[in-house]
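K.L.:
Compute the structure for the input listed below.
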Amino acid sequence: MAVPVCQRHPLRRRGVAAVLTLATILSAGMVLAQVLQQTPKPPAKPPPAPAAIAAPAPVKLLTVMVQRGTIQETVAAAGKLQLYKYADAYAQTAGQVKEVLVAVGDSVKANSVLLEISPTLQPAKAENNRAQMARMLAELADQRAQFDFAELQFKRQSQLKAQSATREDAFESSRMNVSSARARVDAIDAQIHQLEATLKIEEDSRKQTQVLAPISGTVVMLGARDGQMVSAAQPAVPLMRIADLSKLTVAARVAENDVTRLRAGMQANFTTPGYPGRHWSGKLRQVIPVPADASGEQGKQAFYIVLFEVNNAGHELMSGMSTQVQFVVAQAHNAQLLPATALGVASADGVVNVSVLDAQRRPGVRKLKIGLRNGREVQVLSGLAEGDQVLAGPAVAAAAAMAMPGASPVARPARPAPAPAPTLVR
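P.N.:
Down below sits the predicted model:
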């Protein structure tokens, strides 16, 4: 009995079924793709419109007001404090310092004892001078006796000559003896005076064993110590220095282009780093007419020393402190003042243009006559009244632009560009 093909080969039947199923799926996919291609897509989302340009903020007008006050035109210089009045103490005799009675910084009174010296005068020399004095006195007594005898002989010869009872040569001899005796007495007397002077100097030297303060003040330098040998033959070496610190001198270095503006009697103000915020003042005393510290050589700028004094009753200031000095060249009181930032460049005759706001706060140009000026403010001689408002700083340029015809204080915002129309993708 014959077997059917489908029964003889079951695997082949299963493969044929799978191929038919896959063909059916591919055909359905192609139909769906055609349908989707023919269906229209939704319109694309339009791009966002550009943002409107923000309008700039209105320019803020910075103004300053004309006020009254005092203005000073000054010359600046750097300086140093130094001693004004001082005196040095020296040894008056040779010897050894026995004891120093003061120290640096001590206050002393005039003629007070500063130190003591043990003199080194040779005793043999002093005894020799005293013995020589005794011998000279004895010689003087002998010569005076001889002079008295010669004078007596001359008187007797004079009487005999009047009576023609003596010879002429005897009379002349007696007169010569008197003159010779008188001359010897005078010579010995002169030697005695000279020896007396020497003895007095030696006696004073023995008494000058104390060094006294020449003035009242403060000991600012001490060059002596206990046991030191000193000599009156070396006066160039002071034992100590006494200074009156109740007044000091300011020595300022002023450049050559400024020193010609200074005059004696000008007010000078200064500060020192040791006392922040404190000010001192004095009157210009002297301008040293030669350059300081060899300045001005080989093409360098020359500087000159300018001196003035400052009271220092409390001894707050000390010698050697640095100072920043302002010499007042000119000043004006109750003047119209304006900050320097409100001004442009002045012409040669002192005229400068400024922007002034009117009652409607609109800027307008004014011509001002300027007087004194410094780094902060200027003196207005004419062109403004007290209370006028003047544009200052960066606002001056902005106000000038706003004052031009057709200018607007606020910029208009730009119109946004139209968005493109949406397109369909087929």
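K.L.:
mean confidence for stretch 283-303?
P.N.:
For stretch 283-303, mean pLDDT is 88.
K.L.:
and if you look at stretch 184-197?
P.N.:
pLDDT averaged over stretch 184-197 gives 88.
K.L.:
swap in stretch 329-347?
P.N.:
82.
K.L.:
Export that stretch to CSV, keeping only CA atoms.
P.N.:
Extracted in CSV, the C-alpha atoms of stretch 329-347 (Å, rounded to 0.1, in the frame of the first residue of the first chain):
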residue,chain,number,x,y,z
VAL,A,329,52.0,129.7,48.4
ALA,A,330,48.6,131.4,48.2
GLN,A,331,45.2,131.0,49.8
ALA,A,332,41.7,132.5,49.5
HIS,A,333,39.0,132.6,52.2
ASN,A,334,35.2,132.6,51.5
ALA,A,335,35.8,131.8,47.9
GLN,A,336,33.5,130.0,45.4
LEU,A,337,34.9,126.4,45.2
LEU,A,338,34.3,123.7,42.7
PRO,A,339,35.7,120.1,42.6
ALA,A,340,38.5,119.8,40.1
THR,A,341,36.7,116.8,38.5
ALA,A,342,34.1,119.1,37.1
LEU,A,343,36.6,121.0,34.9
GLY,A,344,38.2,120.4,31.6
VAL,A,345,41.5,121.8,30.5
ALA,A,346,41.8,125.5,31.2
SER,A,347,43.2,128.0,28.6
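K.L.:
in it, what counts as buried?
P.N.:
329, 332, 335-339, 342-343 (16 or more other CB atoms under 10 Å). From N, CA and C alone the C-beta is placed, and that goes for glycine too.
K.L.:
Got phi/psi on residue 300?
P.N.:
For residue 300, the backbone dihedrals are phi -80, psi 160 (criterion: degrees, to the nearest 10).
K.L.:
Counting neighbours, what do you get for it?
P.N.:
10 (other CB atoms under 10 Å).
K.L.:
Check residue 355 too.
P.N.:
The burial count for residue 355: 23, using other CB under 10 Å.
K.L.:
Quick check: the gap between it and residue 340.
P.N.:
15 Å (CB to CB, to the nearest Å).
K.L.:
From the chain's centroid, how far away is the strand ranked longest in the chain?
P.N.:
Secondary structure of the chain read by DSSP state E shows that its longest strand is strand 67-89. Computed by CA atoms, centre = their mean, to the nearest Å, the separation of strand 67-89 from the middle of its chain amounts to 9 Å.
K.L.:
now for it, which elements pack on it?
P.N.:
When contacts are defined as 3 or more CB pairs under 8 Å, 6 or more residues apart in numbering; DSSP states H and E, strand 67-89 sits against strand 217-222, strand 240-255, strand 303-311, strand 322-339, strand 363-373, strand 377-382.
K.L.:
Please name the residues that touch residue 232.
P.N.:
By CB atoms under 8 Å, 6 or more residues apart in numbering, residue 232 lies in contact with 90-94, 205.
K.L.:
Now, of those residues, which are buried?
P.N.:
91-94, 205.
K.L.:
so can I have a markdown table of the residues you listed showing pLDDT, distance to residue 212 and secondary structure?
P.N.:
Formatted as a markdown table, these follow (pLDDT from 0 to 100; distance: CB to CB, whole Å; DSSP: H, G, I helix; E, B strand; the rest coil):
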| residue | pLDDT | distance to residue 212 | secondary structure |
| --- | --- | --- | --- |
| 91 | 86 | 11 | coil |
| 92 | 81 | 9 | coil |
| 93 | 79 | 13 | coil |
| 94 | 80 | 17 | coil |
| 205 | 66 | 15 | helix |
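K.L.:
Tell me the one of the residues you listed nearest residue 252?
P.N.:
residue 91 (36.9 Å; CB to CB).
K.L.:
Quick check: that closest one touching residue 230?
P.N.:
Yes - counting by CB atoms under 8 Å, residue 91 touches residue 230, with 4.0 Å between them.
K.L.:
so what's in contact with these two at the same time?
P.N.:
Common neighbours of residue 91 and residue 230 (CB under 8 Å, 6+ apart) are 117, 239.
K.L.:
SS state for residue 145?
P.N.:
helix (DSSP: H, G, I helix; E, B strand; the rest coil).
K.L.:
Tell me how many other residues surround it.
P.N.:
Per other CB under 10 Å, the neighbour tally for residue 145 reads 12.
K.L.:
With residue 193 instead?
P.N.:
Neighbours around residue 193, by other CB under 10 Å: 10.
K.L.:
Going by secondary structure, it is in what exactly?
P.N.:
helix 168-207 (DSSP states H and E).
K.L.:
tell me which residues of the helix or strand just after that helix are tucked away?
P.N.:
Going down the chain from helix 168-207, the next helix or strand is strand 210-212, by DSSP H and E. Neighbour counts over strand 210-212 (16+ other CB under 10 Å) mark residue 211 as buried.
K.L.:
Check stretch 111-120 too.
P.N.:
114-117.
K.L.:
wait, which of those is closest to residue 163?
P.N.:
residue 117 (70.7 Å).
K.L.:
pretty sure the closest one contacts residue 100?
P.N.:
No - using CB under 8 Å, residue 117 is not in contact with residue 100, being 10.4 Å away.
K.L.:
who's in contact with stretch 212-224?
P.N.:
83, 85-89, 97, 100, 102-115, 230, 237-245, 315, 319.
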